[in-house]
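**Student:** have a look at this fold, sequence not included:
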């Protein structure tokens, strides 16, 4: 009869370990890769890349941010610096006020000129959001053009290029673009990742409370020995997951442009915060077990 609490503790601990491993496997094999890929797809579907005098086609909806990247080719300078005294604007037929893509800026390179064997491209990047007050049918076509003046740094002074980019915009209803724009898939994987991380945190808290209630020194010692590999995994895997999130999103090549997409950057830092909290809780559990074992 005296062995029954120990057996119950062992059985409970095995079930807890299996739950933790299952959460970790789902997190690192399914949730995090799905989150990274869906975030990249979401940004790609909201990014339009074009060149000067090349037709640009955009599919979006009212109130949704769209990232515009204008590739002007190689500048001849090593830093690819540029400025726009006029700013870059989107002028739409039927809309009286131009939409700003890039605000006005003045050259800040002075008299310096950077020489490099691998000059960088001049990429003018900005974000534009079509107003929700835009009238007309929910599903409609808009036409217009992107205008502005771009200055680049050259060996004999500044070079100037006037932008004239024809634009065709297909506005979709909100419920349609929610699915076709990649937001639904990204939301799904983000929710799955959060749920697994929160489940992992709750399981670790339960583990800590369960450790406090154990009174058998034998059960505690065996549990500590049996959990050594699990404890290592609980430290190594969150660091690995954090590395996947960082280098798969904000530090990867190509890097996810988070400008204009605050929900992307917010979700990334929230994921990293949850991972940090989980590491802290696992450290608390480990310290408590060590202190409890020393006291006995």
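**Tutor:** That came through, no problem. A quick note: this is a predicted structure, and the numbers were derived from the prediction, not measured.
**Student:** where in the stretch 151-296 of the chain is pLDDT low?
**Tutor:** 154-157, 207-260, 279, 281-296 (pLDDT under 70).
**Student:** domains of this structure?
**Tutor:** Here the domain parsing of the chain from automatic domain parsing is 4-42+181-295, 48-172.
**Student:** quick one: terminal-to-terminal distance for the shortest one?
**Tutor:** Meaning domain 48-172. End-to-end distance for domain 48-172, by CA to CA, to the nearest Å: 16 Å.
**Student:** cool, and stretch 52-61?
**Tutor:** Terminal-residue distance, stretch 52-61 (CA to CA): 24 Å.
**Student:** do the same with stretch 147-164
**Tutor:** Length of stretch 147-164, first residue to last, CA to CA: 5 Å.
**Student:** and it, what's buried?
**Tutor:** Judged by neighbour count using 16 or more other CB atoms under 10 Å, the buried positions of stretch 147-164 are 147, 148, 150, 151, 152, 153, 159, 161, 163. No exception for glycine: its C-beta is placed from N, CA and C like everyone else's.
**Student:** was I right to think the fifth one contacts residue 84?
**Tutor:** Spelled out, that is residue 152. No. Applying CB atoms under 8 Å as the test, residue 152 and residue 84 come out as separate, 10.3 Å apart.
**Student:** so where do the helices sit in this protein?
**Tutor:** 4-26, 32-45, 174-180, 183-213, 217-226, 228-248, 262-295 (DSSP state H).
**Student:** how deep is residue 171 tucked in, by neighbour count?
**Tutor:** Residue 171 has 20 neighbours, counted by other CB atoms under 10 Å.
**Student:** identify the residues contacting it.
**Tutor:** 60, 61, 62, 130, 134, 136, 138, 139, 140, 141, 142 (CB atoms under 8 Å, 6 or more residues apart in numbering).
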